[in-house]
Each structure stands twice: as structure tokens, then as C-alpha cells.
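**Student:** My questions concern the predicted model and sequence given below.
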Amino acid sequence: MKDAIIKQGKLCPRAFFPAIIFGFMILTPFLRSASPAPPKKPNVLLITVDTLRADRVSCYDASHLKTPHIDGLAEKGVLFTRAFANTSTTLPSHANIMLGVSPLYHGVHENQHFVVRKELLTLAEHMKASGYATGAFVGAFPLDRKFGLAQGFDVYDDDFGHRSSEVKMDLERKAEDVTSPALSWVKEQASPWFLWVHVYDPHDPYSPPAPFDETYASSPYDGEVAYVDDVLGVFFDELKSARILEDTVVIFTGDHGESLGQHGEKTHGFFAYNTTLWIPLIIAEPGIKPRKVESAVSHLDIFPTVCDLLDLDSPGHLQGRSLTAAMRGRKFPQRDFYFESLSPHYSMGWAPLQGVISHDFKFIKSPIEELYDLKKDFSEQENLAEAGDLNPFRKKLDDIIARDASPEAEQSGRTLDRASLEKLRALGYVGGAAAAGAGEDSAPRNDVKTLLPFYNRANEAWFLYQAGNVGKGIGILKEIISSRKDFDVAYAHLATLYFEGQGKTDEALEVLERGFSINPNSYEILYKYIVYLIRTGRNDKAVELASAARLRQMDYDPELWTILGVAYQNTGDFETARLAFEKALRIDPRYPKAYHNLAFMQFVLAQKNKDVRAFQASLEYYKKAIELDPEYAAAYSGLGDAYLQAGNLEGGIICLERSLELQPDQGPVLYNLGLAYFNKGDKIKALDFFNRFKKSFAGRLSSAQRGELDSLIKKCGS
């Protein structure tokens, strides 16, 4: 065979071609592995700072404070000098960013009565479908997962502290408590990833930590901004050290601004002036040439820009447009875009406020219309509405609304449970005083500009009450009611000052009765009226009032049905009370107060009827309330009393001591612990609890009760 293959020292042609084919087959896998790998996808870091005015970032305006770390981002990226929010409150602004569409399409108009619907596509969902790990770390309750922005995130960290049934719970966390877990998450990820970091600190009330509290003692808002910049500096340094930042697109913005008293607005959420709509926007892409872009852009542009930078398909329904052309110095034509501030409309029934920014002009549609030339008057001091022709601007706004509105938008409307509303109020958001839509009247008297001064005065009265000057607060509220008999906030505040501040219960109830007759759509007045009727023993009147009312908020408020259950129970109607408590739990199955009140009712029935099943139900309901709120003092107290009634001294003592630990100086708990230890035979501990009870509560006892207490103390001493 060797002779057949080799002739005269050369390969035979028939043998040569198979050898080539065989060699090619062997080399092909190696050639494939040596081909260039597809380009690595960059990570995306989105940072949103709540309530951040653009002019408080020193790369925009260095006259207030220095923000060197944010400035450092601008020095290697693109700074947009005219970036605008489309809304002036937290939830809708973040919905605009994450959905790439305006409230006309997604339907989320303010923080309290809306949620992001599951069928809407979020940026996180789009990134996740494109192979990205997704994580979010948010700083405050307005972005709690219940509002719908968690969809698409592998991790959504909204841990603001313990989740209590009490309003005093933690509702926000400092910037460093957001960036720290975010950094840990990033270091655990294999690229690519999408991370959203939201910090809340510049939000009212302004309380920067040391040393920023002293450095900015005269301007605490600026101090909070400086603190956020410092925290972000540490965050950026950590990312640089881990060589993460070099492969990451960083998008930095604010959700909206803060008025700081300009235009008569102390914070935000009422008007739509540039104090609250003008926001910083910086995009730093690896290798990009730093520049400034003067064109007007908005939050809606972030979603399509991310898609363009990552070479991802951009969903066709997005209403913004990619900013990459502007980022690379190419022509970027101006366009009109929509804005609104509808929180006062939906939460208090005031007239709606919408508008359009068209080239250099800004048109605000409200009962008292406004027009500003932003090129000459960016601070909006000269209203040109009376002198100019507004019809072209009205048409532009109408055209945008007709083009961008979705028929499904109204499905985003929700009425939150009272606990959530109270949490938002504790963070400074207005809410719930009037039925949504009550202010559709377009008369100037219902314009935000007309009503905000009354609201500010009502708040002044409230602050005076909190400072102990109840009389002056009452005087201010009476003046408001004299000028605006339909201003329901004043009635609600005045009733509180009479009832809580001066103990004048009849005057408080008279104010609420008068206020509700003038403002029958005011749920705030109705709710407070029912509460005060029950607290003064007028249970029948409270039940009658609730039965006659037809406000839609009633069907979404578990707290109302919980207190009505108490009223029914107080009248002896235990069956209707049970139905009321169960309705509260249908509205919110995780509402601990309803379980607590249902447990107490079952305990009363068990004692009254010697009903073992009712007693067991009582124990289970108390345990459920504690499971839902491990720091619910009243539930521990009730469970402890039930255990003692059943002869379980150890269980009763454990629960009562836990209740006392959570809420010290509870008279009944001190006394019952004394009895429990006395019956257990531990007279030393019994004596301690009896003495503590006597020291704080003896003045409230009858002579017979004092005699019984002294007898127990004497027995302990012997």
C-alpha cells in the first residue's frame, strides 16, 4: 500500500484530498473557538434621588453647595441642562421612568390612589427578558412593592424597618442604608445586571446627619443633598475599586424637585413650576465624550435610551425617544411633551392642573391659565396668559392627551387602605380629604393657586397645635372656615384641636356635623366624625352615620370597619360586629388591628356564654394579630389576659411582660402582672408590679379599688 501512496517521492493525488479534508475536520473546532467573542453587554446603574432640585447640584449651579461626586459623574458623561419630570410626586415620576410612558397612558397620577398595573411592561422586565439580572433598592414607603414597581426585579429591597400596625413605624431609611445592600448585591452578580438605587433623603422633613446638620444649619435641605452626594461618593469609589464602574452605564436623575417656598409652595406636589419639574439628568456611558445637551428632554426618554445604548429592541408603545443622538453630538430636534400635577385633584378634590412644554414656552392649563417664556423667564415670574393667544397651546395639549391617553389608564386607580394612607401622610403627602373628582368645577375658586394659601394656613394651625399653642391654631382655622365654608381640611383640623387639644368633645362633634353637611363628599370629615362619636360613647349615632354614608372610600378602608365593629359590639350587636371585622379583613387580610378586635370580641363572648369554641377562636385571632405585627402591644396584652383566664400563668406572664416591654406603663397590664405573680406565689415580683401600678394610677381608682389594691400590697409584704 505504501507504494500505491507514494510515487517518486510525491503524494498521490487520490490520497492527498482525504488528508486535507481530515485535517480541516480536526482544525474546525479550534478555528471556531478562536473566533472573536460577542461584545460584553454593559451593566446599567440607575440612580434616582428623591426631591432633588437641579440647581442644588453644583455642576448645574455652584452657588448653593458643592456636590463633587455627582459632578465627577458629569465630567465623564453627558449632562442635560433642560431635563424635566412629567409629574411632581414620587410614585408617578418613577412610573414615568420605569414604564417610558406618561400618566395619560399608565394612569398613575399621584401616590395615594393608584398602583402600577401588572400588565404594563417595566424597564426591569424588559432588561430581565434580555438576560440581565435585576435588583432594586429603594429608600421610602411611596415606592413600597405594593405600588407595583417591583415587577421584573429579581430583588426588590424595600425594607424600611419593622412593619407595624402603628403609624409611627419606620417609613424611610438613610441613603447609606440603601447603597450598602445595593453594593453587596452588585458584587454577587455576574454581568450583565440592571440596578436601580433610590435615595429619599432630600425629602421633607430635612434632617441631615452630622456633620452636614451643622455645616448646613441654615439650609438643611442643602445639607441633605450634600449628605447624599457624600454617600454616593463612597458608593462610586467601591464600584471603582471592584472594577465594576468601567463596564457600567450610569444614569443619574431626580424624580422631581422641591419648591422651598417659591411660588408659595413649601415642598412639592401642588404646582408644576420648574422648581419641582426641572431635574438633573446625567448619563455616563463608558468611552463617551463628555458634553452638555441644551435640548429639553424628560423622564420618558430614559427607557428608550437604555434600549438604544444596549442595542436592545425598544418596545413600540414607548412615548419617549432615545437620547443617544444628542449624547453623541448629533442633531436632536425639539418636541412637545406633557406634564401634570394632579395630586391635589385626586386627594383633595381641587381643580386639575395639566400642561405642555413646547419649545421655549410652557403652558399650564387650570382654571387660572398660565403661559411662560422659559428662554427669558425660566423661574416663571411673568405670566403671559392674559396678553397671549392660548388657543395654539390648548390645542397642543389636547392633541397630546388624545394621542397618548390609553383607555385602560383608569384601571390603575386604587383606594389604599387607611394604614397606607397614614404612612404617606406621615411622610408629608396630602391625602384623602375629599372624594376623588369632587373638584372638577373649573371655577377659579377651585384653582390650586387659590386653595393652596388656605391649605398652608391650615398647616400653620396644625403646627401651632403640635407646639402647644392650641388657641391660636383654633383662631386660624375659624378664619379659614369663615372665608371658605367648603374647605374640609379646616373642619377636620379644628375638630382635632377641640377634641385632642382642649377636651371639648361637644364642640368637636358640632364642627364635624356642620362640616360634613357642607362637604358631604369629604371622607376625612366622615371618618373623624365616626371615630369621635364612638370615643364619646355615641355608638348608635356612629352606626347611623356610617349606614347613611355612600362614599366609595368606605369600601377600601379596613380601619373604618374595624372601629365600626367596635361600635356594634358596644351596642351589644355582636353578630353585626363580627361581620364588620370580617369585612375589614376582606379589604386587607393582613390587617392586625381587625384580628385583635375580633379576638377581643370572641373573648367577651366566651366569658359571657361560657363558650369554649369562642375562647379558642379568641386565642387564634390574638396569635394571628401578633404574627402579622410582632410589636403589637395590645395583642400581647389581650393574649396574656386570655391565658390567665384559662389558668396558664406562665403563658400569661410571658405575653403581658412582652406587652409592657413594647408599651411601658399600661395600667391594666401592670395590675394583671401583679395578680399573676401573686397567684404564682412570687410575692416579690407581685409587689413590684402592684407598687408601679399604684404610683401611676392610684388617682384614677375608686376608694373600693384602692382598698383592694392596698390589701394585695399588704399580703405581698407579709
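**Tutor:** Okay, I see it.

**Student:** Any idea which residue is closest to the centre of this structure?
**Tutor:** Ranked by distance to the mean C-alpha position of the chain (Cα atoms, centre = their mean), the top residue is residue 142 at 0.7 Å.

**Student:** you'd agree it is in a helix?
**Tutor:** Yes - according to DSSP: H, G, I helix; E, B strand; the rest coil, residue 142 belongs to a helix.

**Student:** Could you double-check that it lies in contact with residue 90?
**Tutor:** Yes - counting by Cβ atoms under 8 Å, residue 142 does reach residue 90; the two are 4.2 Å apart. Bear in mind the C-beta positions are built from the backbone N, C-alpha and C, glycine included.

**Student:** which residues are common contacts for those two?
**Tutor:** residue 111 (Cβ atoms under 8 Å, 6 or more residues apart in numbering).

**Student:** Next one: the residue nearest to the centre of the chain, what pLDDT does it get?
**Tutor:** Residue 142 carries a pLDDT value of 91.

**Student:** Check the offset of stretch 68-86 from the chain's centre.
**Tutor:** Put simply, stretch 68-86 sits 25 Å off its chain's centre (Cα atoms, centre = their mean, to the nearest Å).

**Student:** same check, this time on stretch 397-409
**Tutor:** On Cα atoms, centre = their mean, the centre of stretch 397-409 falls 26 Å from the chain's centre.

**Student:** what packs against the helix or strand encompassing residue 45?
**Tutor:** Assigned by DSSP states H and E, residue 45 belongs to strand 43-49. Counting contacts by 3 or more Cβ pairs under 8 Å, 6 or more residues apart in numbering; DSSP states H and E, strand 43-49 is packed against helix 90-99, strand 193-199, helix 220-241, strand 248-254, helix 302-310.

**Student:** helices or strands up against the longest one?
**Tutor:** Other helices and strands packing on helix 220-241, by 3+ Cβ pairs under 8 Å, 6+ apart, are strand 43-49, helix 68-75, helix 175-188, strand 193-199, helix 212-215.

**Student:** Enumerate the positions of that helix that are buried.
**Tutor:** Buried residues in helix 220-241, counted by 16 or more other Cβ atoms under 10 Å: 220-232, 235-236, 238-239.

**Student:** The fourth one now?
**Tutor:** For strand 248-254, a neighbour-count test (16+ other Cβ under 10 Å) marks 248-254 as buried.

**Student:** correct me, but residue 356 touches residue 396?
**Tutor:** Yes - with contacts defined as Cβ under 8 Å, residue 356 counts as touching residue 396 at a distance of 5.1 Å.

**Student:** quick one: common contacting residues for these two?
**Tutor:** Common neighbours of residue 356 and residue 396 are listed as 336, 363 (criterion: Cβ under 8 Å, 6+ apart).

**Student:** Looking at those two, which one has more neighbours?
**Tutor:** residue 356 (22 against 18; other Cβ atoms under 10 Å).

**Student:** Next one: that one relative to residue 369, how far apart?
**Tutor:** Using Cβ to Cβ, to the nearest Å, we find residue 356 at a distance of 12 Å from residue 369.

**Student:** give me the low-pLDDT residue ranges for the stretch 151-300 of the chain?
**Tutor:** 161-170 (pLDDT under 70).

**Student:** ok, residues contacting stretch 302-311?
**Tutor:** Taking Cβ under 8 Å, 6+ apart as the rule, stretch 302-311 contacts 41-42, 44, 46, 97-100, 123, 126-127, 130, 249, 251, 253, 283, 285, 312-315, 318, 320-324, 327.

**Student:** quick one on the thing from earlier: I'd like to know which of the helices and strands packed on helix 220-241 lies nearest to residue 587.
**Tutor:** Of all the helices and strands packed on helix 220-241, strand 193-199 sits nearest to residue 587, with 28.6 Å by Cβ to Cβ.

**Student:** Given the closest one, what are its sheet partners and their directions?
**Tutor:** strand 43-49 (parallel), strand 133-137 (parallel) (DSSP bridges).

**Student:** Turn those strands into JSON lines, including mean neighbour count.
**Tutor:** Output for the strands paired with strand 193-199, formatted as JSON lines (neighbours: other Cβ atoms under 10 Å):
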{"stretch": "strand 43-49", "mean neighbour count": "24"}
{"stretch": "strand 133-137", "mean neighbour count": "23"}
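
**Student:** could I get those strands as JSON lines with distance to residue 65 and mean pLDDT?
**Tutor:** Output for those, formatted as JSON lines (distance: least, Cβ to Cβ, whole Å; pLDDT from 0 to 100):
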{"stretch": "strand 43-49", "distance to residue 65": "14", "mean pLDDT": "98"}
{"stretch": "strand 133-137", "distance to residue 65": "25", "mean pLDDT": "98"}
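
**Student:** Can you lay out those strands as TSV showing distance to residue 443?
**Tutor:** Below are the strands paired with strand 193-199 laid out as TSV (distance: least, Cβ to Cβ, whole Å):
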stretch	distance to residue 443
strand 43-49	37
strand 133-137	43
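
**Student:** Nearest to residue 561, out of these?
**Tutor:** strand 133-137 (33.6 Å).

**Student:** now residue 496: how far from residue 604?
**Tutor:** From residue 496 to residue 604 the distance is 30 Å (Cβ to Cβ).

**Student:** Just want to know which of these two has more residues nearby.
**Tutor:** In terms of neighbours (other Cβ under 10 Å), residue 496 is the more surrounded of residue 496 and residue 604; the figures are 21 against 15.

**Student:** Residues contacting the helix or strand harbouring that one, please?
**Tutor:** Assigned by DSSP H and E, residue 496 belongs to helix 488-496. Contact with helix 488-496 is made by 348, 433-434, 454-455, 458, 461-462, 465, 473-474, 477-478, 480-481, 484, 508-509, 511-512, 514-516, 518-519, 522, 524-525, 528-529, 532, as judged by Cβ under 8 Å, 6+ apart.

**Student:** at 7 Å instead, please
**Tutor:** Under the criterion Cβ atoms under 7 Å, 6 or more residues apart in numbering, residues 433-434, 455, 458, 461-462, 474, 477, 480-481, 508, 511-512, 515, 519, 522, 524-525, 528, 532 lie in contact with helix 488-496.

**Student:** What about those, which are in helices?
**Tutor:** Residues of the contacts of helix 488-496 located in helices (DSSP state H): 455, 458, 461-462, 474, 477, 480-481, 508, 511-512, 515, 524-525, 528, 532.

**Student:** Relative to residue 72, which of the residues you listed is nearest.
**Tutor:** residue 455 (40.2 Å).

**Student:** Any figure for the gap between the closest one and residue 445?
**Tutor:** 14 Å.

**Student:** and the protein, what are its domains?
**Tutor:** Using automatic domain parsing, the domain ranges for the chain come out as 2-33, 43-332, 481-492+500-717.

**Student:** Most tightly packed of those domains?
**Tutor:** domain 43-332 (a mean of 20; mean count of other Cβ atoms under 10 Å).

**Student:** and the end-to-end length of that one?
**Tutor:** End-to-end distance for domain 43-332: 26 Å, by Cα to Cα, to the nearest Å.

**Student:** repeat for stretch 82-98
**Tutor:** One end of stretch 82-98 sits 20 Å from the other (Cα to Cα).

**Student:** Run the chain-centre distance for it.
**Tutor:** Relative to the centre of its chain, stretch 82-98 is centred 14 Å away, using Cα atoms, centre = their mean.

**Student:** pLDDT (mean, whole number) over it?
**Tutor:** Mean predicted lDDT for stretch 82-98 stands at 97.

**Student:** Residues in contact with stretch 603-613: which ones?
**Tutor:** By Cβ under 7 Å, 6+ apart, the list of residues contacting stretch 603-613 reads 574, 614-615, 618, 638, 642.

**Student:** I am finished for the moment; much appreciated.
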